[in-house]
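K.L.:
got a predicted structure here, sequence first:
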Amino acid sequence: MDFNRRSFLRVSFAAAGGLVLSLYLDRTSPAQEVGMPKQPGKVYPPDAFVNIRPDGKIAIQVNRLEFGQGVQTALPMVLADEMDADWNNVIGELAPAAEVYKDPLFGIQLVGGSGSIAHSYQQYRELGAKTRAMLVAAAADRWKTTPDKCRTEASVVHGPNGQSATYAELAAEAAHKPIPATVRLKNPSEFRLVGKRVKRLDSRPKCDGSLKFGLDLDLPGMKVAVVAHPPVFGGRVKKVSDVEARRVDGVRGIFEIPLVKGTGVAVVADKYWPAKQARSLLNIEWDLSGVEAADSTELWTRYKQLAQTPGNVAAARGDQNALDKVAAGNRIVAEYEFPFLAHSPMEPLNTTVRFDGDRAEVWAGSQFQTVDQSSCPGTRPEARTGRFPH
Amino acid sequence: MASFQLTVNGQRREVNVDPSTPLLWVLREDLKMTGTKFGCGISACGACTVHVGGVATRSCIVPISHIGDRPIITIEGIGTDAVGRAVQDAWVDQDVVQCGYCQSGQIMSACALLKSTPRPTDQNIEESMGGNLCRCGTYPRIRAAIKTAASQINKGAA
């Protein structure tokens, strides 16, 4: 948890470019056991998810990655609704890879299975409601009244006698309030954001070129590597002639490297263009003797045979034999064949690693941050860290 | 290596690079302007579109030595232009973006279209934007946003 908080604070400082008021530091409370199942004993401290800044901006950490599916807007909506935060001042930030941001159900930090909202809806509602409760408790103290006599709207707490205080004004006092173990969640009829249409939070930086994707990262002294892959999976480098490639200005090294299957040749250069030029000048003789000789016709035959065998039952509902009772003339039978398709994101797959011999910092377009984090080879677990901008 | 004088978004810039280096990589790596995206590197996707001498150009295949003195406008600079600003605003208004990776190129192509054809038909849009791929499939909203921007610009001009 220590590491989580450090990286979280660092991200927040960087994003705000100044003082960040971090709420609810270093305290925990038992998770509220309602709704979706959680990891046993899992605690989600609001300070890891909500930052109320002195300027009134409320930054909400999103425990997913934004691939265009809209989660960078959707989860902040859920939290901001229960918190009664002013939506015009809500910022959605992508959380770094860390324990506290793991999916409550899957136990890893990931985007997949269309589970972002399904698994984190309850979690984000509770986080919003608990944050609100702490702000209200602070206001009630200030006005010598009780929380039930206060109401909240658009990042302001209103008291019984016309008092009012903004969330930013109350944040420091709220930080000393206990995190409630349980909170009342809104009745859906009370929702101000959930179920309503709002504008995406990530549009503008995607329209003016300012949003940084993984490939846009620029670190001092960073090198660029490109890989010459074998023409088929499993091919291996038999012989490589790199005399010409090494002559390209800016090339720093050429290495044979292991791939998931087979081997390839990596070209490392100061910049992309010399790396790519050098790669095209490599003369590689490939050993294809060990590759799997896949045959499309044979594969389809095998798939069709497999399709006739009983599979694992995920759910059984209704009459499994209903089709047998339909007259042959009334049946419509069709076969669908789908080829293998790549995800083909527009951004070429890329990874940046800053490695000082002991500590690796990784930036990658990734679906599974904490899995990638734990698979960084040769590093001590506590030395692992990760930031995955996109 | 050779020295090249460029005008990028109205500013004079000098770079010292291999003459074969595509404009895209000069922008991204030498000038640190990463708003212009690398998608395919073979002029097939349009993510790298910029304006060179006012013409929408795939910067990934144009060597820097071919630019000459033609001014370059990128996504970082298009917002200072009335058409560019209207297009960016329309994009936000219509919630066009999803992952956003292709959108710099989409916006640059849309701006080039609206500068030459202020009242584009669906066919004009298809012809001008056909080379800009979007993996998220935002095409219907791109079309709507171009029309929104066009009416905004023409309102201003009238």
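P.N.:
Happy to help now that I have it.
K.L.:
what does chain A put close to chain B?
P.N.:
Within chain A, the positions near chain B by Cβ under 8 Å from any Cβ of the partner chain are A:66-70, A:199-200, A:202-204, A:206-213, A:215-216, A:218, A:249, A:271-274, A:276-277, A:344-348. Every C-beta, even on glycine, is put in place using the N, C-alpha and C of the backbone.
K.L.:
show me which of those are buried.
P.N.:
A:66-70, A:200, A:202-204, A:206-209, A:211, A:213, A:215-216, A:271-274, A:276-277, A:345-348 (16 or more other Cβ atoms under 10 Å in any protein chain shown).
K.L.:
spell out the secondary structure type for residue A:138.
P.N.:
The three-state assignment at residue A:138 reads helix, by DSSP: H, G, I helix; E, B strand; the rest coil.
K.L.:
can you tell me how far it sits from residue A:163?
P.N.:
Computed as Cβ to Cβ, to the nearest Å, the residue A:138 to residue A:163 distance reads 12 Å.
K.L.:
neighbour count: those two, which is higher?
P.N.:
Between residue A:138 and residue A:163, residue A:138 has the larger neighbour count (other Cβ atoms under 10 Å in any protein chain shown), namely 24 against 13.
K.L.:
who's in contact with whatever residue of the stretch 151-300 of chain A ends up closest to chain B?
P.N.:
Minimum separation of the stretch 151-300 of chain A from chain B (Cβ to the nearest Cβ) falls at residue A:209, amounting to 1.9 Å. Residue A:209 makes contact with B:33-36, B:74-76, B:104, according to Cβ atoms under 8 Å, 6 or more residues apart in numbering or on different chains.
K.L.:
not counting sequence-adjacent ones, nearest residue to the residue nearest to the spatial centre of chain B?
P.N.:
By Cα atoms, centre = their mean, chain B has its centre lying nearest to residue B:108, at 2.4 Å. The shortest distance from residue B:108 to any non-neighbouring residue, by Cβ to Cβ, 6 or more residues apart in numbering or on different chains, is to residue B:49 (4.3 Å).
K.L.:
in contact with that neighbour, which residues?
P.N.:
Residue B:49 sits next to B:36, B:56-59, B:104-106, B:108-109, B:132 when contact means Cβ under 8 Å, 6+ apart.
K.L.:
how about the strands in the stretch 151-300 of chain A?
P.N.:
A:151-153, A:156-158, A:164-166, A:224-228, A:236-241, A:251-258, A:263-269, A:283-287 (DSSP state E, counting those that start in this stretch).
K.L.:
now the fifth one, how far from the centre of its chain.
P.N.:
Looking back up the chat, that one is strand A:236-241. When distances are taken as Cα atoms, centre = their mean, to the nearest Å, strand A:236-241 is centred 38 Å away from the chain's centroid.
K.L.:
what is that strand packed up against?
P.N.:
Where contact means 3 or more Cβ pairs under 8 Å, 6 or more residues apart in numbering or on different chains; DSSP states H and E, strand A:236-241 is packed against strand A:251-258, strand A:263-269, strand A:283-287.
K.L.:
got it, and the last one?
P.N.:
When contacts are defined as 3+ Cβ pairs under 8 Å, 6+ apart, strand A:283-287 sits against strand A:236-241.
K.L.:
let's see 10 Å
P.N.:
strand A:236-241, helix A:243-246, strand A:263-269 (3 or more Cβ pairs under 10 Å, 6 or more residues apart in numbering or on different chains; DSSP states H and E).
K.L.:
may I have the strands that pair with that strand, each with its orientation?
P.N.:
Its sheet considered, strand A:283-287 pairs with strand A:236-241 (antiparallel) by DSSP bridges.
K.L.:
confidence-wise, which helix or strand of chain A is lowest on average?
P.N.:
helix A:2-16 (a mean of 36; mean pLDDT, DSSP states H and E).
K.L.:
next SSE after that one?
P.N.:
For helix A:2-16, the following helix or strand on the C-terminal side (DSSP states H and E) is strand A:50-52.
K.L.:
tell me who's in contact with residue A:346.
P.N.:
A:68, A:213, B:37-40, B:45-47, B:99-103, B:105, B:133-136 (Cβ atoms under 10 Å, 6 or more residues apart in numbering or on different chains).
K.L.:
quick one, phi psi at it?
P.N.:
Dihedral angles of residue A:346 (phi, psi; degrees, to the nearest 10) stand at phi -70, psi -30.
K.L.:
what's the closest non-adjacent residue to it?
P.N.:
Ranked by Cβ to Cβ, 6+ apart and with sequence neighbours excluded, the top spatial neighbour of residue A:346 is residue B:101, at 4.2 Å.
K.L.:
pick the most deeply packed of the helices and strands packed on strand A:283-287.
P.N.:
strand A:263-269 (a mean of 20; mean count of other Cβ atoms under 10 Å in any protein chain shown).
K.L.:
check which helices and strands it sits against.
P.N.:
Checking 3+ Cβ pairs under 10 Å, 6+ apart, strand A:263-269 ends up next to strand A:224-228, strand A:236-241, helix A:243-246, strand A:251-258, helix A:272-280, strand A:283-287.
K.L.:
mind doing that once more with 8 Å?
P.N.:
Judged by 3+ Cβ pairs under 8 Å, 6+ apart, strand A:263-269 is in contact with strand A:224-228, strand A:236-241, strand A:251-258, helix A:272-280.
K.L.:
how big is the angle separating it from helix A:272-280?
P.N.:
Angle, strand A:263-269 to helix A:272-280, by axes from the mean of the first three to the mean of the last three Cα atoms, to 10 degrees: 140 degrees.
K.L.:
can you list the strands that strand A:263-269 pairs with?
P.N.:
Assessed with DSSP bridges, strand A:263-269 is paired to strand A:224-228 (antiparallel), strand A:251-258 (antiparallel).
K.L.:
quickly check: the longest helix belonging to chain B near chain A or not.
P.N.:
Scanning chain B for the helix with the most residues, using DSSP state H, yields helix B:139-157. No. Interface with chain A: helix B:139-157 contributes nothing (Cβ under 8 Å from any Cβ), its closest point being 9.8 Å away.
K.L.:
that helix packs against which elements?
P.N.:
By 3+ Cβ pairs under 8 Å, 6+ apart, helix B:139-157 packs against helix B:82-93, helix B:103-116, helix B:122-129.
K.L.:
for residue A:240, find the nearest of those.
P.N.:
Closest to residue A:240 of those, according to Cβ to Cβ: helix B:103-116, at 35.4 Å.
K.L.:
buried stuff in the closest one?
P.N.:
Buried residues in helix B:103-116 (16+ other Cβ under 10 Å): B:103-115.
K.L.:
mind giving me the packing neighbours of it?
P.N.:
Using 3+ Cβ pairs under 8 Å, 6+ apart, helix B:103-116 sits against helix A:203-207, strand B:49-52, strand B:55-58, helix B:82-93, helix B:122-129, helix B:139-157.
K.L.:
what about the spatially closest residue to residue A:139 that is not a sequence neighbour, how many residues close to it?
P.N.:
In this structure, residue A:139 finds its nearest non-sequential neighbour in residue A:157, 4.0 Å apart by Cβ to Cβ, 6+ apart. Using other Cβ under 10 Å, residue A:157 has 27 other residues around it.
K.L.:
and if you look at the one 4 residues further on?
P.N.:
Using other Cβ under 10 Å, residue A:161 is surrounded by 8 other residues.
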